[in-house]
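Engineer: Return atomic coordinates for the entry below.
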Amino acid sequence: MALLAGKIAAITGGVTGIGRGIALAFLDHGASVAVNFMEDSSSQKSFEQLKQKLGNDGKRLIGIPGDIRKRATGTELVKQAVKEFGGLDVFVANAGVSQFRDFLDVDEETLQSHIQTNIAGTFWTTQAAARQMVSQGRGGSIIGISSISAHLGGAQQVHYTPTKAAVLSMMQSQACALGKYGIRCNALLPGTTRTALAFDDLEKPGKLKYLEDRTPLGRVGDPEDLGGPAVFLASDLSKWVSGAQLLVDGGISISLQ
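Structural biologist: Purely as a prediction, here's the structure:
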């Protein structure tokens, strides 16, 4: 059953990791998708590989490069989605950065990159999406990719965890601000997932086994594990769900092991 047939979605950071997993799930459920990615050759190549993988379904996918820290990037992403597909029904604020650093050694550049990408980038892109949805008058769904780090501390993540708490809080406040327009706003909170951002951490001796042993489901996540929950929040199955937070972490955040 195609739960998103006829829907138009846009996803930031949509060609790698969790964003890619969500994009593939949306396309599989019938949506047309605009993905944002960074303006570099590696990201462009990832987009081209994704489009090639889709075959004929690639006609329902467009790519718009740009740095989400710049307000104009969100505006352009939404503009191109509307131009190509005729509107916007779902927006996923996924793009983010995560670097492990010792708290006493964090420099200004590292802190600002996390604040500007994870907080400001999410703010500007979702604002652009919300404006389009309000103008259309048919509601919509905005999904922010937060993290279990919104609730949990990390010794090497003092500069990171507050930004993911901000994404969760932002979705809750947007749910209050946009509910009168029929726009639902929710957050997905993934646990450790096999992405490029987590690669170095998972390569540390014993780290993967530690996470697997602590997780009730016995493994870390894969990007496609976020696809189903995102489809749920994007679809009419969640038409009375707003301001919610959905943990997608295999149960690790509630485990005492």
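
Engineer: in the chain, which spans are helices?
Structural biologist: Listed from the start of the chain, the chain has helices (DSSP state H) covering 17-28, 41-54, 71-85, 108-114, 122-136, 161-178, 199-202, 207-214, 227-234.

Engineer: Quick one: closest of the ones you listed to R101.
Structural biologist: For those, proximity to R101 was assessed by Cβ to Cβ; helix 108-114 is nearest, at 5.9 Å. Just so you know, the C-beta spots here come from the backbone N, C-alpha and C atoms, and that holds for glycine as well.

Engineer: Any chance of the helices of the chain in JSON lines with mean neighbour count and mean pLDDT as columns?
Structural biologist: Output for the helices of the chain, formatted as JSON lines (neighbours: other Cβ atoms under 10 Å; pLDDT from 0 to 100):
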{"stretch": "helix 17-28", "mean neighbour count": "25", "mean pLDDT": "97"}
{"stretch": "helix 41-54", "mean neighbour count": "15", "mean pLDDT": "94"}
{"stretch": "helix 71-85", "mean neighbour count": "19", "mean pLDDT": "98"}
{"stretch": "helix 108-114", "mean neighbour count": "14", "mean pLDDT": "98"}
{"stretch": "helix 122-136", "mean neighbour count": "21", "mean pLDDT": "98"}
{"stretch": "helix 161-178", "mean neighbour count": "19", "mean pLDDT": "98"}
{"stretch": "helix 199-202", "mean neighbour count": "12", "mean pLDDT": "77"}
{"stretch": "helix 207-214", "mean neighbour count": "14", "mean pLDDT": "88"}
{"stretch": "helix 227-234", "mean neighbour count": "22", "mean pLDDT": "98"}
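
Engineer: With distance to I148 as added columns, please give these in CSV.
Structural biologist: CSV is the format used below for those (distance: least, Cβ to Cβ, whole Å):
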stretch, distance to I148
helix 17-28, 13
helix 41-54, 26
helix 71-85, 26
helix 108-114, 17
helix 122-136, 17
helix 161-178, 8
helix 199-202, 14
helix 207-214, 12
helix 227-234, 13
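
Engineer: Determine which of those helices approaches F91 most closely.
Structural biologist: With respect to F91, and counting by Cβ to Cβ, the nearest of these is helix 122-136 at 3.6 Å.

Engineer: what about stretch 139-156, start to end distance?
Structural biologist: Taking Cα to Cα, to the nearest Å, the span from the opening residue of stretch 139-156 to its closing residue is 40 Å.

Engineer: How about stretch 24-35?
Structural biologist: The first and last residues of stretch 24-35 sit 11 Å apart, counting by Cα to Cα.

Engineer: same check, this time on stretch 94-112
Structural biologist: The first and last residues of stretch 94-112 sit 18 Å apart, counting by Cα to Cα.

Engineer: What are the buried residues along that stretch?
Structural biologist: For stretch 94-112, the buried set under the neighbour-count rule, 16 or more other Cβ atoms under 10 Å, comprises 94-98, 101, 106, 111.

Engineer: go on, stretch 150-163?
Structural biologist: Using 16+ other Cβ under 10 Å as the test for burial, stretch 150-163 gives 150, 152, 157, 159-163.

Engineer: related to what we said a few turns ago, find the pair from the buried residues of stretch 94-112 with maximum spatial separation.
Structural biologist: Of all pairs drawn from these, the one with the largest separation by Cβ to Cβ is N94 and V106; the distance is 23.9 Å.

Engineer: Nearest to E212 among the buried residues of stretch 150-163?
Structural biologist: Compare each of the buried residues of stretch 150-163 with E212 using Cβ to Cβ and the shortest gap goes to L152, at 17.4 Å.
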